[in-house]
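**Q** sequence first, then the predicted structure:
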Amino acid sequence: MTPAAHAAAAIEVLADIETRHRPVASALKDWGSAHRFAGSGDRARIASLVYDALRRRSSLAWRMGAETPRALILGALAFVRQTPVDDLAAAFAASPHAPEPPTDAERAAIAAATLDGAPAHVRGDYPEWLDAGFARTFGDERAEEGAALAERAPLDLRVNAIKGDRPKAERALAHWKAAPTPLSPFGLRVPLTDDGRGPPVQSEPAHLKGLVEVQDEGSQLAALVAGAAPGMQVVDFCAGAGGKTLALAATMDNRGQIYAHDNDVRRLSPLHDRAERAGVRNMQVRAPRGEADVLADLVGRADLVLIDAPCTGAGTWRRNPDAKWRLKPAALEARIAEQDAVLAAAAPLVKPGGRLVYVTCSVLAEENEDRLAAFRAQFPAFRPVPAVEAAVSAGLPALGAFATSGGDALLLGPRRSGTDGFFVAVLTRG
Ligand SMILES: C[S@@+](CC[C@H](N)C(=O)[O-])C[C@H]1O[C@@H](n2cnc3c(N)ncnc32)[C@H](O)[C@@H]1O
């Protein structure tokens, strides 16, 4: 397929997403099934263009003066990919499966485009109803912070210390030009292609042998700040597929015990194979079993309980741009209720003197500081560890620069730390 045909396909996929309110992954999958001639490289290029358009949907629509799938894809090619409009016109004219060449009105929109005068939520490409929430966290810099969350995300890997060190992994992945990440001592960053595609990690020997896992640097840092150490009893209360479980286990060196729990048994299922591949031998999966309290024996026994709470994912919009446009106030309310519920359910597991670590991948204070305040009112025995102190004791003093204004937590994000957005608060039980 030609680049022009990729553009035509991306317009089709976006139209499917808009008209049938479909998640982007399903729309892309269906397009691939209906167009079997398209190879995996073509499908990846189409997906990358769709994601580029979705990340910047508001600002592209503002610049193009329209929010149609065609306007968004032309805008992504012109403003994200920086393709000159005459080159687009020539490419479209030369390909039989191309969109119509840019009209005079579209050319004029591209030539005149500016975001001057656009409101913060348009410049920052986040939903208008979240403007107050963004203003609360970021104040006058909310448009810039939103824009950083609308950039492409890098491909980060975590080197699994059970299987080898970072230089070993770097050598194994030299053909990808993987290089150390700035903040995590276990991170490697893999450059993407100009159009935003990464290499096939899952089939790479270093991945198959458990030497590396895909994990954003911010997620790695959240797990490191939690401070799991050899010999501890650790509960990963919202383990999901185990991204953080494996990171915690790597710092425990197979000594002590890590219990991976989630209230959704299906989410836990990949963890068995992942742990096997990673060489983790001190993990128990505590999946839900009907009404039984599967963590009853751990009450008051855990040195560390990590709550990687269900959240809106507002810190990971670089990777899931359609999620930000689909997010509605009711979903935020539902996540808040779940966050209060997991905090209340997990707190009794912490032993006196032990640590509770609350993490979200959101930048919204309603999911972060407000939840901690509500929790502390209900559980006064828990006291926050100042973020600077938590960073120093994790051996990551540089993270102190990302303390929240209250100083009780860390807030990471693409504009601050070059990572996804994560909120990390450490509390101790008195
Ligand atoms: C942010 S995800 C976890 C991601 C995972 N820790 C990782 O690093 O890959 C949040 C998880 O919380 C789980 N969850 C939601 N409510 C819960 C509850 N009441 N008890 C336990 N887990 C819950 C969800 O099923 C979801 O898997």
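**A** Received the coordinates, thanks.
**Q** can you give me the neighbour number for the spatially closest residue to residue 403 that is not a sequence neighbour?
**A** Counting by CB to CB, 6 or more residues apart in numbering, the nearest residue to residue 403 once its immediate chain neighbours are dropped is residue 387, at 3.9 Å. All C-beta atoms are positioned from the backbone trio N, CA, C, and that covers glycine. As a burial measure, residue 387 scores 24 neighbours (other CB atoms under 10 Å).
**Q** quick check: pLDDT value at residue 387.
**A** pLDDT recorded at residue 387 is 98.
**Q** my guess is it contacts residue 404, does it?
**A** Yes: counting by CB atoms under 8 Å, residue 387 touches residue 404, with 6.8 Å between them.
**Q** shared neighbours, the two?
**A** Any residue near both residue 387 and residue 404 by CB atoms under 8 Å, 6 or more residues apart in numbering counts here, and that gives residue 410.
**Q** how close does the residue nearest to residue 403 get to the ligand?
**A** Distance, residue 387 to the ligand, by CB to the nearest ligand atom, to the nearest Å: 20 Å.
**Q** likewise residue 177?
**A** Computed as CB to the nearest ligand atom, the residue 177 to the ligand distance reads 26 Å.
**Q** now do the contacts for residue 124.
**A** Applying CB under 8 Å, 6+ apart to residue 124 gives the contacts 134, 142, 143, 144, 145, 146, 147, 149, 150.
**Q** for the helix or strand that the first one is a member of, which outside residues touch it?
**A** Meaning residue 134. Residue 134 belongs to helix 131-138 when assigned by DSSP states H and E. With CB under 8 Å, 6+ apart as the test, helix 131-138 has contacts from 119-121, 124, 126, 142, 144-146, 363-366, 411.
**Q** list the buried residues of the helix or strand following it.
**A** Following helix 131-138 in sequence order, the next helix or strand is helix 142-148 (DSSP H and E). By neighbour count on 16 or more other CB atoms under 10 Å, the buried set for helix 142-148 is 142, 143, 145, 146, 147, 148.
**Q** quick check: domain ranges of this structure?
**A** Following automatic domain parsing, the chain resolves into domains at 3-118, 217-429.
**Q** and residue 351, that's in a strand?
**A** Yes: under DSSP: H, G, I helix; E, B strand; the rest coil, residue 351 sits within a strand.
**Q** that one touches residue 298, doesn't it?
**A** No: here residue 351 does not reach residue 298: they are 9.4 Å apart, not a contact under CB under 8 Å.
**Q** need the overlap of contacts for those two.
**A** With CB under 8 Å, 6+ apart as the test, residue 351 and residue 298 both reach residue 233.
**Q** these two: who's more crowded?
**A** residue 298 (20 against 16).
**Q** so who does the residue nearest to that one when sequence neighbours are not counted touch?
**A** Distances taken as CB to CB, 6+ apart put residue 349 closest to residue 298, at 5.1 Å, once the chain neighbours are dropped. By CB under 8 Å, 6+ apart, the contact list for residue 349 reads 235, 237, 295, 298, 299, 300, 301, 302, 305.
**Q** any of those residues buried? List them.
**A** The neighbour count (16+ other CB under 10 Å) marks 235, 237, 295, 298, 302, 305 as buried among the contacts of residue 349.
**Q** do I have it right that residue 230 meets residue 256?
**A** Yes: with contacts counted by CB under 8 Å, residue 230 reaches residue 256, the gap being 6.0 Å.
**Q** can you list the buried ones among the contacts of residue 349 in JSON lines and add pLDDT?
**A** Converted to JSON lines, the buried ones among the contacts of residue 349 look like this (pLDDT from 0 to 100):
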{"residue": "235", "pLDDT": "98"}
{"residue": "237", "pLDDT": "98"}
{"residue": "295", "pLDDT": "98"}
{"residue": "298", "pLDDT": "98"}
{"residue": "302", "pLDDT": "98"}
{"residue": "305", "pLDDT": "98"}
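**Q** JSON lines for those residues, including distance to residue 111 and secondary structure?
**A** Converted to JSON lines, those look like this (distance: CB to CB, whole Å; DSSP: H, G, I helix; E, B strand; the rest coil):
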{"residue": "235", "distance to residue 111": "58", "secondary structure": "strand"}
{"residue": "237", "distance to residue 111": "54", "secondary structure": "coil"}
{"residue": "295", "distance to residue 111": "61", "secondary structure": "coil"}
{"residue": "298", "distance to residue 111": "64", "secondary structure": "helix"}
{"residue": "302", "distance to residue 111": "61", "secondary structure": "strand"}
{"residue": "305", "distance to residue 111": "57", "secondary structure": "strand"}
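**Q** which single one of those is nearest to residue 376?
**A** residue 305 (15.4 Å; CB to CB).
**Q** can you tell me the closest non-neighbouring residue to the closest one?
**A** That would be residue 235: by CB to CB, 6+ apart, it lies 4.6 Å from residue 305.
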